[in-house]
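K.L.:
3D model of this:
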Amino acid sequence: MNVHQEQNRDLLPDLELVRRAQAIVGDYKASRLQIIADRPGNPMGAEVRRFEGAVACRVPPFGEHLFNRAVGFTDEQLDAALEVISWYQDGEVPGAFEIAPGPSSNRLLELLHSQGFRHTGFHARFAGRPSGREGTPAGVEVLRLTDTEHIEAFSDAYHLGWDATGPAVPVEPWLRAPGWSLFLGLCDGNPAGAAVLYLSGGDAYLADCAVDPKYRRRGVHRALLDRRCEDAAAAGTDVVFSGADFLSASHRNMLRKGLTLLFTTAIWTLNR
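P.N.:
The predicted structure follows:
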């Protein structure tokens, strides 16, 4: 057991931790969607709706995308879930629901099934203490952006890391977004990776980490994890949350860092 895993031994999963994870995921999605909505004239028609403990996002041009998902819904929000389903239908959006285990959701799942939704995938969620680093690989460095000096390099690394096609996402507004911090990973002095730390309600979310394929397996992803955890701890957070595709390289790096697999989210999409 490494030092990071030792520090997480007291972090036992419970309903409150699941709810905190869902809350910060929903807050981050809402914040990112609001940035899109705040573009002059809101050309993409981005919109966020909040319900008691739940968030629904809609950006019609993105189609089947995480921007068209609802997070945090349980059996306590059946009427709200019906409202969101109609909202997605009105916008001709293939919306989806992310359902976490733990909170009661049997009636919600029955409702989704009756409305033509089906379970189509999983996404892993993690939680852990914001511990420090054990050492940074040679040639790897992480910068926290405080102005636009490195924003172009951040954008390049971000889009290469996500293998994004089409027009680049405007990332400069992220510098000014409440709760956001941007980090650029360098490898041998070259832009190699990009990541976001999001703080909300006393918790931290390790978001949107991407590494240029040319620099993978050099420790850039882990260095970005370490630096964001350090900054989260400095901000006074006692738990950090994150997400990754189940059994992906990012999943394994989370575990090496000492984060715990808290749960796997079930993705329910409309059966078309």
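K.L.:
mind listing what's buried in stretch 168-179?
P.N.:
Within stretch 168-179, the residues that count as buried by 16 or more other CB atoms under 10 Å are 171, 174, 177, 179. From N, CA and C alone the C-beta is placed, and that goes for glycine too.
K.L.:
part of a strand, is Leu186?
P.N.:
Yes - counting by DSSP: H, G, I helix; E, B strand; the rest coil, Leu186 falls inside a strand.
K.L.:
which element is the nearest residue to it once chain neighbours are set aside on?
P.N.:
In this structure, Leu186 finds its nearest non-sequential neighbour in Glu141, 4.5 Å apart by CB to CB, 6 or more residues apart in numbering. Per DSSP states H and E, Glu141 falls inside strand 140-144.
K.L.:
buried stuff in that strand?
P.N.:
Neighbour counts over strand 140-144 (16+ other CB under 10 Å) mark 140-143 as buried.
K.L.:
what's the answer for stretch 199-217, then?
P.N.:
Those would be 199-200, 203-212, 215, for stretch 199-217 by 16+ other CB under 10 Å.
K.L.:
try stretch 44-56
P.N.:
So, applying 16+ other CB under 10 Å, buried residues of stretch 44-56: 44, 46-48, 51, 53-56.
K.L.:
now, the most widely separated pair of the residues you listed?
P.N.:
Met44 and Gly53 (26.5 Å; CB to CB).
K.L.:
ok, Val18 - how many residues close by?
P.N.:
For Val18, the neighbour count with other CB atoms under 10 Å is 18.
K.L.:
for Ile24, see how far away it is.
P.N.:
Per CB to CB, to the nearest Å, Val18 is found 11 Å from Ile24.
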